[in-house]
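> Generate coordinates for the sequence data below:
(chains A and B)
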Amino acid sequence: MKLPFSLALSVALALAFPAPGQQPGVNPARLEVFPPDIQLSGVRDRQLLVIQATYPDGITRDVTTEAQIKLANPGLVRREGPTFWAAADGETTLAAEFGGQTVTIPVKVSQAAVTAPLSFRLDVMPIFMRTGCNTGSCHGAARGKDGFRISLFGFDPDGDYNRITREMVGRRVNLAVPGESTLIEKSLGSVPHTGGKRFEAGSEYHQVMLEWINAGAVNDDASKLPKVVGVELYPKTIVLDGPGATQQMTARAKYSDGSDRDVTSLAVFLTNNETSAKISEGGLITGAERGEAFVMARFETFTVGSQVLVLPKGLQFQYPEESEVNYVDAMVATKLKKLRMAPSGVCSDEDFLRRIFIDIVGLVPTVDEYQKFVSSTEADKRSKLINELLERKEFAEIWVNKWAELLQVRQIPNQISQKGMFLYYNWLVDMLQKNTPMDQFVQELLGASGGTFSNPATNFYQVTNDRLLLTENVAQVFMGMRIQCAQCHNHPFDRWTMDDYYSFSAFFAQIGRKQGEDYRETIVFNAGGGEANHPVGGRVMKPKFLGGEEPDTAGKDRRATVAAWVGSKENPFFARSFVNRVWAHFFGLGIVEPVDDFRVSNPASNPELLDELAKRFTDSKYDLKQLVREICNSHTYQRSTQRNETNQLDEKNFAHANLRRIKAENLLDVISEATDTRDKFPGLPLGARAVQIADGAVSTYFLTTFGRATRETVCSCEVKMEPTLSQALHLLNGDTVNSKINQGGVIKKLLAEKKFPEERIVELYVRTLTRMPTKAEVDQLVNVLNTAPNAEQGLLDIYWALLNSREFLFNH
Amino acid sequence: MLARVIAYSCVMIGGVFAPVSLAQEAAKAPNYKDDVLPVFNARCNSCHNPDKKKGGLVLDNYAGMMQGGSSGKVIEPGDADNSRLYLLTAHEEKPEMPPSSPKIADEELAVIRKWIEGGALEMSGSTTMVKAKPKVEFKLDPSSIGKPQGEPAMPQSLPTEPVVISPRPNAITALAHSPWAPLAAVAGHKQVLLYNTQSQQLIGVLPFAEGIIEVLKFTLDGDLLLAGGGRGGQSGRVVVWDVKTGERLFEVGKEYDTVLAADISPDRSMVALGGPSKVLRVYNSSDGELVYECKKHTEWVTAVGFSPDGVLLASGDRNGGLLVWEAPTGREFYDLRNHTAMISDLSWRLDSNLLASGSEDGSIRLWEMEKGTQAKTWAAHPGGLESVKFAKDGRLVSTGRDRLTKVWDQNGAEKKKLEPFPDVATRAVFNQDDTMVVSGDYSGEVRIHEVNEGKRIGALSANPLPVATRLEQLPATLAQARTDAEKAAMSIAPLQEQVKAQQAAVAKAQEGVEAANKVAAEAQAAVTAAEALLPQKVAAEQEAAKLATTAEETRVKTVQVREKAFQELKAKTEAATKAAEAFAASKKTDADKNTATQAATARDTAIRELDAALPGWNAAIEASGTARLALEQATSARLLVEAKVPALKLAMAGPQGAVDGAKAAITAAQAAQQAAEKAVATATAGAEAAKVRITTLEAEIERLKAEKDRLSAAK
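Numbers count the residues shown, from 1 in each chain, chains lettered A, B, ... in the order given. Got it, this is the predicted structure:
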């Protein structure tokens, strides 16, 4: 028991964990045994046991070797360290005792004397994945490697079987002398192998392969074989106390026949943060630098993960006391407490004002708005402002712009005419200005039938005629998932199989399109015929919701069926993906990032928060404004960008606000607003704002430079937020800022008014940066004015400098 | 070099493809306009029209069609098997046309084929521009090539103790059969197993410590045996043995993976080999030095073969690449493209004019070497072909993933399909006189089939047991053989009895036939007699009728005469009466008296005359009745005979049937007799074979005993 935590620390932790102070020798708060039961069936079956103790301060320890393990009937199992094997049939219990706590789990042993024959799919193929044979860089590549190809991560078992046994007859598998099969000799490295030695002679993998070939290298009758229905990875949460602390993982697969199997030796273990938590091939996690990691076990088509936190050893930490505005703050705080991070403070009114304006309406406040807000002494002036801004039409415009990006609203020759594009855009505007519930919006969009002019929502189906691309777009836009991988092979890092992919694509297999009376109009209708075929074997795939059930679509419009599902509570991804996009808009970073890459191996940084946001969003009948209100009112949103010592390294737990470059359209609008100028865009009246541009194909040099989405794909990466050199150069020397300064006449107006130089400086500051200049700034700038050739030149210089400042370009 | 190739064409033993006389056929030959265009219009032209022009091809006008598509000419007039249009339409090559549809109707295909073969005429008056070329003529006496001087080589007392003993055989990766002796070489693990295909005894084991054997080949004279193979990923080598002595004559090759394909040139001067290194290497067999190497293959070299005349060398790879080289120099000769998957095997016809290639794309293609064109292709094993070999007589045997071994003639007609193997059929070869096929499969079975009947006549083991074990098992086998022999011998006598019984039955049946014949003859005689009588009776009737008619005529006349006489008498009587009355009443003059007297005299004369004539007349009238009676009798006599003939004839059928039955009985009895004789012959042959087998087994036991002694002595 070496837990060198000071008393002070314990007090601090008391906020998160209502446990008394902890000293060396203190007993754990909780003891857990994984898996929660042991089922052994047959001579080969075994189970690796992991015992984890959780201390009052949240630190977890792997106490498997230290705990006392007792079996009520020891004769039923054979024990080798933490691993248990079947010895005799029967049922008993296993009790693990450690630090004064005892946990008992049931143990069931059946068929203890039965040696089941090895199966190619169940026993041999997992070795290929575990030892890396069928990865994309090795034999899983589309053309194989060194003349030998197997399917990527084993999506085609029959093909693999044939290639291994019969493609090069007598070579890879030698039935006479199994040990001299090239498959084995290469794996062992006993003959030269580009991939090197994959496993040791005499290892379990070696033995399994030998035994399988010895038994004639027979194929399975796949119809009689149980299928993997799930994989469990234990423990679920690990909090490691400093570098060097370890935790063994145990993985168990569940099969369709009700059996289970310890797959710790067959699963592939991965970590998404090598510098914090390394995981060995055998599933042993070793802590390193402070941080957070997600470790994963991949077996068959399943990937499951556990969260690992690594804390500096003996960390001193106190979470600051702070009121919580709503559940957002509470849930973020829970995570921060686990990470031993203190949030930054709440930002100033000036910062808030600028931030909320840019985020909700895409503009900076005017001087009047600034003064009104700053001078207000009302306690709830922030939430009042939020409510006011939400009612402005610019709010809807920002979200129309976002949806237009996702739905790729743009002219496409021979597919979407200018008229169709405008109608589509106006339909979007209409939907969002009415604050249409998002479920209804999606249902109208995906289920749309009719002419692209008479029912503009049908333009969604005009963006592409490719059924597979359309399927992928639907998944990416409405479910935040990139399922493209599964078009050719089972998704390597997610749960999606080719079956899932093609079953989902079947919903879009019956889209009919014909020309309307107006040659520019296309009529989208339910053709009522057409199927999706699986590329391996060509079988017809029945429509099945992604990760959901298989609905009865006989005689129905399949799109209507899927539309109803996508925007419903039954679809667990819709609300989560949408709130994540909204969240990312306000924080510059999603809870899942990238926002359209929900995947098992890319977990949410705060899943509880995401779930809660999604739940409330669903309960509010998909009310976007309500969601924005909850987010913007939270302290989490209103944090300062100043980091403190503990959250210095945090990038994804929202302990502080982030500096965010303003998005292209908004930036142009903000510059125009700050300079009192108006823009002219093709197809729009003078003075229209950049955010109102309907057509993705229309752009300007400024917008393109600042990364406006071309809307050619649905990817969130279409909008480029990275600052570049050409952006800086364009602002400094390009015609946008300079000509706008000259056109707008702000300086002339300022000069016309009888004011002190200081007042003029203040006005320029408020107009551009939404803040009062500091004393030092004023002093310096007055000096600039005084040394300038004339007052106008001096003010122009200051104005120009402000518009080019990073503070102006960033939302902070 | 080609001159030499062609020089072999000296002995004509029979054209395989009879050249079509085009002049004869021209009259009824299909032409584009009338026969083919309707098919194209119905099937092809919705895509291959000038508007869509899919694949750059138009088929709706003759000129455009002959120009071809973007991949070149589609019609080779006179040669449907080289016409892309035909091959795609017949689904012999991909992409199959029409796309994703079933093949067009066979009749339509036949029209297209006939049209191309007939020179692809445009319209009915067109004349052909091409001459039919005999493509796959075979002009070689196979007995002239490679026949060894003296006795063909057989292993002589080679050890038969297996080097590796395994409970299960590996897949049959290689097989070869001596072209002159009943000797098969089977690839075992790290050893070549030599079997006498007549006695089916293991007669030699040649160790191949280098690893798995991927290829086995005998030289043309059957004196040497080549094996290539190795250890996957590690090393590959080719070894050549003297078949008689089992002595390793030389080894070549230093591959870093196994050798997948190899061959030795007919003059034994060179050995060619290839494998996963993708390089075809040719070594000098005398010093093992590399002669040249060819790096044109883009994938594993999977098949290699020298032409029997030693002029050319063919090699195939895993991508379907097939190249022909000048054997002595390694200069590229032909690049033969068409296979779409791995070339799994190659085989040269003995005259070196035709090369057969088999591929995982399932097809066998024949290539002629004069111009390097494809002479023939057919889908042999859907799912993939594993091996193809020419027989000396130009037939081919092939195996494939469909588990079948098939024998073909070189037109691609399936001549025999042998029983399926339990798994992928991997290799098959003909024996020395093309009467048997030895074939093996993935599960390690090796079978021997007789080709004509397709009957299995034996099996060879690819994982033979040790000498000692075999020796232990042999007595039991011998005992069994003896029992079998006895049984066979015993079975002969009852069978002979049966022959006798059948002979008796035949004799009996013969008698039956004779008896039946007799009865039939009698019946026939009766009919004949009756039939002979009939004309007589008819004649008699006719005669009677004639008589009756005459008599009737006489009677009528007589009655008339009689009436007349009575009339006259009556008149005379009246005249006499009148004269008498006149006399009485008169002056009784003399004149009157005379007159009366005369009248009375006349009357009296008439009475006398009448009295005299009357009996004759009456007789004549009666004669007529008699004649009619005679006629009636004659008629009834005829009718009687007439009625008798059909009855007799009817009665004849019985005996005739008896004759037929008896004849059938005799045929059956004869057949039975023959069968019984055959059974006797078979049983006798079986008994003989059993005796031979006993002798063989006894010899084998002796041999194994000796070998066992040698082995234990060696230990």
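> what comes up buried for stretch B:502-520?
B:502, B:503, B:505, B:506, B:509, B:512, B:513, B:516, B:517, B:519, B:520 (16 or more other CB atoms under 10 Å in any protein chain shown). Bear in mind the C-beta positions are built from the backbone N, C-alpha and C, glycine included.
> I'd assumed residue A:596 was in contact with residue A:482.
Yes. Using CB atoms under 8 Å, residue A:482 makes contact with residue A:596 at a distance of 6.6 Å.
> Using the three-state scheme, assign residue A:355.
helix (DSSP: H, G, I helix; E, B strand; the rest coil).
> try residue A:47
Going by three-state DSSP: residue A:47 is strand.
> Let me know whether the lengthiest strand in chain B sits next to chain A.
Scanning chain B for the strand with the most residues, using DSSP state E, yields strand B:201-218. Yes. Counting by CB under 8 Å from any CB of the partner chain, chain A is contacted by strand B:201-218 at B:211, B:212, B:214.
> one step back: with neighbour numbers in mind, choose between residue A:482 and residue A:596.
The residue with more neighbours, out of residue A:482 and residue A:596, is residue A:596; 24 against 21, by other CB atoms under 10 Å in any protein chain shown.
> Residue A:719 is in contact with the more buried one, correct?
No. Counting by CB under 8 Å, residue A:596 does not reach residue A:719; the two are 11.5 Å apart.
> Now do the longest strand of chain B: distance to the chain's middle.
Distance of strand B:201-218 from the chain centroid (CA atoms, centre = their mean, to the nearest Å) equals 38 Å.
> Same check on stretch A:657-664?
For stretch A:657-664 - counting by CA atoms, centre = their mean - the centre lies 20 Å from the chain centre.
> got the end-to-end distance for that stretch?
20 Å (CA to CA, to the nearest Å).
> now swap in stretch A:301-319 and tell me
Using CA to CA, first and last residues of stretch A:301-319 are 41 Å apart.
> Just the buried ones out of the residues of strand B:201-218 next to chain A, please.
Here, 16+ other CB under 10 Å leaves B:211, B:212, B:214 buried among the residues of strand B:201-218 next to chain A.
> List the residues that contact residue A:657.
A:344, A:347, A:355, A:587, A:637, A:638, A:639, A:640, A:641, A:812 (CB atoms under 8 Å, 6 or more residues apart in numbering or on different chains).
> do you know how far residue A:632 is from residue A:571?
Remark: distance between residue A:632 and residue A:571 (CB to CB, to the nearest Å) = 26 Å.
> how many neighbours does residue A:621 have?
11.
> SS state for the residue of the stretch 451-600 of chain A found nearest chain B?
Going by CB to the nearest CB, chain B is nearest to residue A:538 of the stretch 451-600 of chain A, at 11.0 Å. When classified by three-state DSSP, residue A:538 comes out as coil.
> Around it, count how many other residues there are.
Residue A:538 has 7 nearby residues by other CB under 10 Å.
> Please apply the same query to residue A:429.
Residue A:429 has 19 neighbours, counted by other CB under 10 Å.
> ok but residue A:786 is inside a strand, no?
No. Assessed with three-state DSSP, residue A:786 is helix; it does not lie in a strand.
> List the residues that contact the residue in the stretch 201-350 of chain B positioned nearest to chain A.
Residue nearest to chain A within the stretch 201-350 of chain B: residue B:232 (3.3 Å; CB to the nearest CB). Counting by CB under 8 Å, 6+ apart, residue B:232 touches A:171, A:172, A:182, A:185, A:186, A:191, B:211, B:212, B:257, B:258.
> Name the nearest of those relative to residue B:487.
Of all the contacts of residue B:232, residue B:212 has the smallest distance to residue B:487: 42.9 Å, by CB to CB.
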